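Colleague: fold the following and give me the result.
(4 chains)
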Number of protein chains: 2
Amino acid sequence: MARAAQKRTLETRARLVAAANAVIDEVGYQGLRVEHVVLRAGVAKGTFFAHFRDKDALMELLIGSRINTFLDQIETLPAPQSVDDMTDALMPMMQFMTCERYVFDVIMRYSGAAACEDIGTIATTFGRQIDVMISWLADGPFRKDISAELLAEGVQAFSVQAMALIFCALHNETDLRARMTLYLNAWLTPASW
Amino acid sequence: MARAAQKRTLETRARLVAAANAVIDEVGYQGLRVEHVVLRAGVAKGTFFAHFRDKDALMELLIGSRINTFLDQIETLPAPQSVDDMTDALMPMMQFMTCERYVFDVIMRYSGAAACEDIGTIATTFGRQIDVMISWLADGPFRKDISAELLAEGVQAFSVQAMALIFCALHNETDLRARMTLYLNAWLTPASW
DNA sequence: CGCTTAAATTGACCATGGTCATTTTATTGA
DNA sequence: TCAATAAAATGACCATGGTCAATTTAAGCG
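Modeller: Below is the predicted model:
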């Protein structure tokens, strides 16, 4: 049996990804059309779907790898010793995640594993976020009555809530940081009551 | 200028909604096709879009009104005096919200105001949820170091997180209640630390 | 080399949501 | 009762994501 010719495949895929990035630079994630990508990459439409299950799969890859870049950066930081520091550390990533309504929707849709079989790129980044935060929370000046893992899940829940509120009619982007610190103070350093 | 003939409009709209509900009973929310709805309602496709901006607008209406029914029920309940009671009160609504992956996605997408101009049905239900919970939290055995409003926002954030995890590869539906109580205990009754 | 075969590619085609110029219906005023 | 006219409905048409049988390309092998 003839074995796979992988080189051509890899090249085509790289060309598709490069074309997609170029298109996004011009018209944003929301404005991307599969037709424009394949035109730019010089391949037929069918080829696109031989490489990506659907348009969302490409989006997941592109958005997920951007998030991974932010997480690489975040991982180099020392463990934050205050809620403000933690918010500072997370803000760039959260800003990207909310750069477009469409981007945030894709992230939400794939933040759990989209398909049960394979954990997608974005779902993986959510796992990485939890891991980073667990390491932060283990030895910071934060509540210790519950596990670092649960604490981290809470931080994620609140960051999602804060991001979602950006797209509400009544709120705007400048509120993001303020809302994050409000939430995290209440979650990570509850006063006795 | 001739005034509006409203009767026919209302009838047509009612027929579309009835047809949509019938279709959903057969194939679920996910399986609904605009073509099937208009065929069943006996109107042209264009008529559908004269009554609803797009397919999502119909979905928002149908899903939103189901949620409102659950909230009507919830509002008749006495204020829960424990995290378990609160979870019990919220469970039926949360179960509906996660009855289909597609339904949950629609709810998430419209939980903030989808369009900035008009607050949609689903966004309104999220506001109602907050209001109900504020009334519960004002005089329950829960932490009092932060405002009832902030507390309510947190409950919402955690319920979204708990629901989202249902669709993760690693979790299943039976975990929903357990995760809710875990989250809410940590949020509403933090131990001193 | 040329043959065989599996992988990769192609593009015509389909499914479905959404648009809009045209036609139908009903209301209003004389 | 009948124009005038605004609201409602129509359906041909479009945009775009996605499919698949047929074709091309490139290994592997004697």
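Colleague: quick one: the helix or strand containing A:Asp56 near chain B?
Modeller: Applying DSSP states H and E as the criterion places A:Asp56 in helix A:55-75. No - using Cβ under 8 Å from any Cβ of the partner chain, helix A:55-75 stays clear of chain B, with a minimum separation of 11.7 Å. Every residue, glycine included, has its C-beta placed from N, CA and C.
Colleague: any low-confidence regions in chain A?
Modeller: Chain A contains residues with pLDDT under 70 at A:1-5, A:113-117, A:171-174.
Colleague: the spatially most central residue of it: what's it in contact with?
Modeller: Centroid-nearest residue in chain A, with Cα atoms, centre = their mean: A:Ile67, separated by 4.5 Å. Applying Cβ atoms under 8 Å, 6 or more residues apart in numbering or on different chains to A:Ile67 gives the contacts A:93, A:96-97, A:107, A:122, A:125.
Colleague: could you check how far the residue in chain A positioned nearest to DNA strand C is from B:Leu176?
Modeller: Across chain A, the shortest distance to DNA strand C (Cβ to the nearest atom of the strand) belongs to A:Gly46, at 1.6 Å. In this view, A:Gly46 and B:Leu176 are 41 Å apart by Cβ to Cβ, to the nearest Å.
Colleague: which of these two has more residues huddled nearby?
Modeller: Between A:Gly46 and B:Leu176, counted using other Cβ atoms under 10 Å in any protein chain shown, the more crowded position is B:Leu176 (20 against 8).
Colleague: tell me which element the more buried one is part of?
Modeller: helix B:175-188.
Colleague: and the contacts of that helix?
Modeller: Taking Cβ under 8 Å, 6+ apart as the rule, helix B:175-188 contacts A:146, A:150, A:153-154, A:157, A:187, B:83-84, B:86-87, B:90-91, B:94-95, B:98, B:137, B:142-143, B:151, B:154-155, B:158-159, B:161-163, B:165-166, B:171.
Colleague: quick one: check the helix or strand the residue of chain A closest to DNA strand C falls within for contact with DNA strand D.
Modeller: If you go by DSSP H and E, A:Gly46 is part of helix A:45-51. Yes - counting by Cβ under 7 Å from any atom of the strand, DNA strand D is contacted by helix A:45-51 at A:45-46, A:49-50.
Colleague: look up how far A:Ile107 lies from A:Leu62.
Modeller: A:Leu62 is 11 Å from A:Ile107, by Cβ to Cβ.
Colleague: these two: which is more packed in?
Modeller: Each of A:Leu62 and A:Ile107 has its neighbours counted (other Cβ under 10 Å); A:Ile107 has more, 23 against 19.
Colleague: now the helix or strand that contains that one: how far from the chain's centre is it?
Modeller: Element membership for A:Ile107, per DSSP H and E: helix A:101-111. Computed by Cα atoms, centre = their mean, to the nearest Å, the chain-centroid distance of helix A:101-111 equals 8 Å.
Colleague: then that helix to CSV, C-alphas only?
Modeller: Provided in CSV are the C-alpha atoms of helix A:101-111 (Å, rounded to 0.1, in the frame of the first residue of the first chain):
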residue,chain,number,x,y,z
ARG,A,101,-18.7,39.6,19.2
TYR,A,102,-18.3,36.8,16.8
VAL,A,103,-14.9,35.8,18.3
PHE,A,104,-16.4,35.6,21.8
ASP,A,105,-19.3,33.5,20.5
VAL,A,106,-16.9,31.0,18.9
ILE,A,107,-14.9,30.8,22.0
MET,A,108,-18.0,30.2,24.2
ARG,A,109,-19.3,27.6,21.8
TYR,A,110,-16.0,25.7,21.8
SER,A,111,-14.9,26.4,25.4
